[in-house]
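1. Prediction below, plus the sequence it came from.
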Number of protein chains: 2
Amino acid sequence: MFDKILAHVAKHISLTQEEQQLFTSLLKPRKLLRRQFLVQAGDICRYESFIVSGCLRSYITDADGQEHVLHFAIEDWWISDFGSFLHHTPSQTNIEALEPVETLQLDLASLERLYREIPAFERFFRILHQNAYLAQNERILSGISRTAMERYEAFLKRYPAIAARVPQKHLASYLGMTPVFMSQLRKKRMER
Amino acid sequence: MFDKILAHVAKHISLTQEEQQLFTSLLKPRKLLRRQFLVQAGDICRYESFIVSGCLRSYITDADGQEHVLHFAIEDWWISDFGSFLHHTPSQTNIEALEPVETLQLDLASLERLYREIPAFERFFRILHQNAYLAQNERILSGISRTAMERYEAFLKRYPAIAARVPQKHLASYLGMTPVFMSQLRKKRMER
DNA sequence: AAACGGCGTTAAACTGGTTTAATTTCCCGC
DNA sequence: GCGGGAAATTAAACCAGTTTAACGCCGTTT
């Protein structure tokens, strides 16, 4: 049951048997059906959720009622409304299962206990946040310097598994364009 | 000389006298004139630079020769090409002083030594990266959900000091619009 | 198997933002 | 303080991406 998450953690830090035990004892499993919400806007997001299987999207609904996809997350990734989780403030985002999902959840008190009792976890999450920061930089650059076609093709190249797995309208939203326009881009690519 | 950076670090972690001494002994001062580069594309970015005074921008030049501003940085912030710094790969970005700048620089070996000898620094940089990640999220959201006018006004509200300090063309680039269009937005705001 | 509703596609009108180019203003180096 | 070059402004033509609406294709429900 904990194999996947232990293998994931072992990519960055090594834990003794006892440390593994402590860590896994803090994790609470949670399963979601398709279309079920892990977090809803207005809730306080109480967990960082490690995804054992399945696929989710996080998005916000703006003042005009329009949805904007912030992230996709699949196996071996973590997801949360990070601001809400850290500061116990109401979540801006919704996080919805696009497929049946199994997660392992860690609450803030448990995370802080981990930091205290197994300092290597400071390192582990530092590395995760570093990587997240690098990926975000890429995405920002993409947004200010690339055309819609370039963004679409870059996504296909970098995350082919996700592109094949999520509805196009959500991908279009993630990429900052309309589903109609993305469909036109797909057509142009086919003709080429 | 080290007052500013010690005060900055003290916001997140507490250090003993000896730890402060070790930390500051690893910092190398570097000053830049206006228009001088802290990092040039193609170089390996060997330092995280803490800014004691002055203002810089990081940007990339794309295949068409167009510049795109990724970040501004002022007093009390850190700047680097983080990917280049971490992995010793050639920098994608240029980092240029917009004013005379004083920095304190930390190289990767020193940073790793800090992590080893003062584990609190794992925590310190975890928190910095967490905050960076949150700010990046905001910006991405802004890019996919807001109009140019909304982005401009949000920036003015959040970073008025920077907006007043940097050339408009750089700000326009940061916000993902042309200087000409931003000038039109400014005019509309004045008329209102 | 019929009816329903959500999703992707197509086409056409439209608009927010770009491009180009001319004019003015502002630095700042001498 | 003066001259030159870069930055900001204005106007007009242009284009990338949006909007609206109609249609066809599944997959689900009944």
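-> Arrived safely.

2. Quick check: residues of chain A near DNA strand D?
-> When proximity is defined as C-beta under 7 Å from any atom of the strand, chain A approaches DNA strand D at A:Thr147, A:Ala148, A:Met149, A:Gly176, A:Met177, A:Thr178, A:Val180, A:Phe181, A:Gln184. C-betas here are computed from N, CA, C, even on glycine.

3. Give me the subset of these lying in helices.
-> Among those, the ones falling in helices (DSSP state H) are A:Ala148, A:Met149, A:Val180, A:Phe181, A:Gln184.

4. that older thread, out of the residues of chain A next to DNA strand D, who's near chain B?
-> A:Gly176 (C-beta under 8 Å from any C-beta of the partner chain).

5. Get me the contact residues on chain A for DNA strand C.
-> Counting by C-beta under 7 Å from any atom of the strand, chain A sits next to DNA strand C at A:Pro167, A:Gln168, A:Lys169, A:Pro179, A:Val180, A:Met182, A:Ser183, A:Gln184, A:Arg186, A:Lys187.

6. just how off-centre is the helix or strand where A:Leu70 lies within its chain?
-> Assigning secondary structure by DSSP states H and E places A:Leu70 in strand A:67-74. Centroid displacement of strand A:67-74 relative to its chain, using C-alpha atoms, centre = their mean, to the nearest Å, is 7 Å.

7. do the same with stretch A:62-81
-> 7 Å.

8. Please see if the longest helix along chain A touches chain B.
-> Identified as the longest helix of chain A according to DSSP H is helix A:120-145. Yes: with C-beta under 8 Å from any C-beta as the criterion, chain B is reached by helix A:120-145 at A:122-123, A:125-126, A:129-130, A:132-134, A:136-137, A:139-141, A:143-145.

9. Narrow the residues you listed to those that are buried.
-> A:122-123, A:125-126, A:129-130, A:132-134, A:136-137, A:139-141, A:143-145 (16 or more other C-beta atoms under 10 Å in any protein chain shown).

10. on that earlier part again, need the max-distance pair from the residues of chain A next to DNA strand D.
-> A:Thr147 and A:Val180 (16.2 Å; C-beta to C-beta).

11. buried stuff in stretch A:143-162?
-> Quick answer for stretch A:143-162 (16+ other C-beta under 10 Å): A:Gly143, A:Ile144, A:Ser145, A:Arg146, A:Ala148, A:Arg151, A:Tyr152, A:Phe155, A:Tyr159, A:Ile162.

12. I meant stretch A:97-110, not that one.
-> Buried residues in stretch A:97-110 (16+ other C-beta under 10 Å): A:Ala97, A:Leu98, A:Val101, A:Glu102, A:Thr103, A:Leu104, A:Gln105, A:Leu106, A:Ser110.

13. do stretch A:29-42 as well
-> A:Leu32, A:Leu38, A:Val39, A:Ala41.

14. Return the member of those residues nearest to DNA strand C.
-> A:Leu32 (16.8 Å; C-beta to the nearest atom of the strand).

15. List the residues that contact A:Glu102.
-> A:Pro29, A:Arg30, A:Lys31, A:Ile51, A:Val52, A:Ser53, A:Gly54 (C-beta atoms under 8 Å, 6 or more residues apart in numbering or on different chains).

16. and if you look at A:Cys55?
-> By C-beta under 8 Å, 6+ apart, the neighbours of A:Cys55 are A:Phe72, A:Ala73, A:Ile74, A:Ala97, A:Leu98, A:Glu99, A:Val101, A:Ile162, A:Arg165, A:Val166.

17. now, which of those lie within strands?
-> A:Phe72, A:Ala73, A:Ile74, A:Ala97, A:Val101 (DSSP state E).

18. Between these, which sits nearest DNA strand D?
-> Nearest to DNA strand D among the ones in strands among the contacts of A:Cys55, with distances taken as C-beta to the nearest atom of the strand, is A:Ala97, at 15.0 Å.
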